[in-house]
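Asks: Kindly generate the corresponding structure for this input.
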Amino acid sequence: MKFIHTADLHLDSKMETHLSPEKAGQRRREILDTFSRLVEFAEQEDVRAILISGDLFDKTHIRKVAKRRVWDEIIAHPDIDFLYLRGNHDQSDFLDGEVLPDNLVLFSEEEWKKKTYGNICIYGRELTEANAKTITTNLVPNRINTNLVMLHGQESEYEGEDRTEIVNLAQLRDKYIDYLALGHIHRYKCQRLDDRGVYCYPGALEGRGFDECGEKGFVLLEIEEGKVQHRFIPFASRRIWVVPVETDVQDTTTDIIVKVGEAVAGTPEKDLCRVELQGWRQMESEIDTRRIERSFSQRFFYFEVRDKTRIQIDYENFVNDHSLKGAFIRLLRDEEMPEEEREKIIEIGMKAIMGEEIEE
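Replies: All right, here's what the predicted structure looks like:
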């Protein structure tokens, strides 16, 4: 029997942090299309159920077109069960006033719910601040069954900005769990839970920002004679790339454009790409990032440049310089602060002295 484990789809996310309104709208539609492709894949592969471990949607108010798209897919595929466990981004207005179809299984925070397929048992419960410390108390799978458990939460060492309740892996060990289907972390990760089972984050179905690089997709589970086989399936319509480019202190913007072209030569044009310039540059030189972006913006769905170069300062050249620049640099040289912070202040100060525009 086959199952799909997915999470963190964040359907109807605004997508406007980097993209123009037109392209943001296109990406919203593409991510909805990817959900439909996922269901089509499930139908073609005779998948019995799709396990959605939280964050199906992204915000409180969901556009009707997005809600209708998901609802229509569920209704149109009665032979596929949709096991939906809400995450920290999900809100109840998706289902308000609807009569639930038989193939939609919901979970709650109040107690563990079990869905069985022969000797395959799938348990789910929504993790909250109130139940987080005791949630495993009433989870009692039978060791003779094949047991899958769904939760949405973060590992204790997770350092992302979007934080939610902790999944206490220690309390889930030795519970006869064969596969712990988690959601919340947007990158694929699968590791041993104990001698019997594994825990897995499928990652996001599609990347949305430059903190979500790499392959995105879902996990396909195949269970036969009690054994769980699982593999990650890359599935996103576009990938997100961050490409480092090393610059030399003598490089002009023209030189850097050549280096950028070489660095992104293997990056698919349909994808989103950020180039990060690293290395050194002279104190009074400036890299024209807008020109670099114009050189490649037509090649990719989205392209941007971040200048992370550091200025090279020869403090000895300013020892006897009696100009305002010299006095300013000598003053900063003697201040106690991290060198990168000093370089940034000097760069901004030099622009101010020269009457140049200072960008945010």
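Asks: Tell me where the stretch 151-300 of the chain has helices.
Replies: 169-172, 253-263, 289-296 (DSSP state H, counting those that start in this stretch).
Asks: now stretch 113-122, how far from the centre of its chain.
Replies: With C-alpha atoms, centre = their mean, to the nearest Å as the basis, stretch 113-122 stands 30 Å off its chain's centre.
Asks: Give the buried residues for it.
Replies: Lys113, Lys115, Ile120, Cys121, Ile122 (16 or more other C-beta atoms under 10 Å). For glycine as for every other residue, the C-beta is placed from the backbone atoms N, C-alpha and C.
Asks: Quick one: mean pLDDT for it?
Replies: Stretch 113-122 comes out with an average pLDDT of 97.
Asks: Residues contacting it, please?
Replies: If you take C-beta atoms under 8 Å, 6 or more residues apart in numbering as the criterion, stretch 113-122 is touched by 1, 3, 48-49, 51, 81, 83, 105, 107, 123-125, 141-142, 144-150, 223, 226.
Asks: Relative to Asp33, which of the helices of the stretch 151-300 of the chain is closest?
Replies: Nearest to Asp33 among those is helix 289-296; the distance by C-beta to C-beta comes to 26.0 Å.
Asks: For that closest one, which helices and strands make contact with it?
Replies: helix 253-263, strand 272-282, strand 302-307 (3 or more C-beta pairs under 8 Å, 6 or more residues apart in numbering; DSSP states H and E).
Asks: Output the helices of the stretch 151-300 of the chain in a markdown table, with mean neighbour count and mean pLDDT appended to each entry.
Replies: Shown next, in a markdown table, are those (neighbours: other C-beta atoms under 10 Å; pLDDT from 0 to 100):
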| stretch | mean neighbour count | mean pLDDT |
| --- | --- | --- |
| helix 169-172 | 14 | 92 |
| helix 253-263 | 16 | 97 |
| helix 289-296 | 16 | 97 |
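Asks: Adding distance to Asp307 as columns, could you present these in a markdown table?
Replies: Formatted as a markdown table, the helices of the stretch 151-300 of the chain follow (distance: least, C-beta to C-beta, whole Å):
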| stretch | distance to Asp307 |
| --- | --- |
| helix 169-172 | 41 |
| helix 253-263 | 10 |
| helix 289-296 | 5 |
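Asks: what's the closest of those helices to Glu43?
Replies: Closest among those, using C-beta to C-beta: helix 169-172, at 31.9 Å.
Asks: I'd like the distance from the closest one to the chain centre, please.
Replies: Using C-alpha atoms, centre = their mean, the offset of helix 169-172 from its chain centre is 25 Å.
Asks: Could you number the chain from 478 rather than 1 from now on?
Replies: All set: I'll call the first residue 478, so the last point we hit is now helix 646-649.
Asks: what's in contact with that helix?
Replies: Applying C-beta under 8 Å, 6+ apart, the contact partners of helix 646-649 are Thr613, Leu616, Val626, Glu632, Leu657, Leu670, Tyr676.
Asks: one more time with 6 Å
Replies: Helix 646-649 is contacted from outside by Thr613, using C-beta atoms under 6 Å, 6 or more residues apart in numbering.
Asks: Stretch 660-668 now?
Replies: Counting by C-beta under 6 Å, 6+ apart, residues outside stretch 660-668 touching it are 484-485, 530-531, 564, 629-631, 641, 675, 677-678, 680-681, 689, 709.
Asks: Just the CA coordinates for it, please, in PDB.
Replies: Provided in PDB are the C-alpha atoms of stretch 660-668 (Å, rounded to 0.1, in the frame of the first residue of the first chain):
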ATOM      1  CA  GLY A 660       5.800  19.000   9.400                       C
ATOM      2  CA  HIS A 661       7.200  22.500  10.000                       C
ATOM      3  CA  ILE A 662      10.800  22.400   8.800                       C
ATOM      4  CA  HIS A 663      11.000  23.300   5.100                       C
ATOM      5  CA  ARG A 664      13.900  21.100   4.100                       C
ATOM      6  CA  TYR A 665      13.800  17.300   3.700                       C
ATOM      7  CA  LYS A 666      15.200  15.400   6.600                       C
ATOM      8  CA  CYS A 667      14.900  11.800   7.600                       C
ATOM      9  CA  GLN A 668      16.800  10.200  10.500                       C
END
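Asks: Buried residues in it, which are they?
Replies: In terms of neighbour count (16+ other C-beta under 10 Å), stretch 660-668 has its buried residues at Gly660, His661, Ile662, His663, Arg664, Tyr665, Cys667.
Asks: Return the member of those nearest to Glu606.
Replies: His661 (14.6 Å).
Asks: Tell me how many other residues crowd His499.
Replies: I think there's a mix-up here, since residue 499 is Glu and not His. Using other C-beta atoms under 10 Å, the number of residues around Glu499 comes to 7.
Asks: What's the mean pLDDT across whichever strand or helix holds it?
Replies: Secondary structure assignment for Glu499, by DSSP states H and E: helix 498-521. Mean per-residue pLDDT for helix 498-521: 96.
Asks: helices or strands up against that helix?
Replies: With contacts taken as 3 or more C-beta pairs under 6 Å, 6 or more residues apart in numbering; DSSP states H and E, helix 498-521 sits against helix 541-553.
Asks: I'd like the next helix or strand past the helix it packs on.
Replies: strand 558-562.
Asks: how distant is that next one from the center of its chain?
Replies: Remark: strand 558-562 is offset 21 Å from the chain centroid, using C-alpha atoms, centre = their mean.
Asks: Next: stretch 588-606.
Replies: 26 Å.
Asks: what does stretch 590-609 give?
Replies: Averaged over its C-alpha atoms, stretch 590-609 has a centre that lies 25 Å from its chain's centre (C-alpha atoms, centre = their mean).
Asks: Please consider this matter closed, and thank you.
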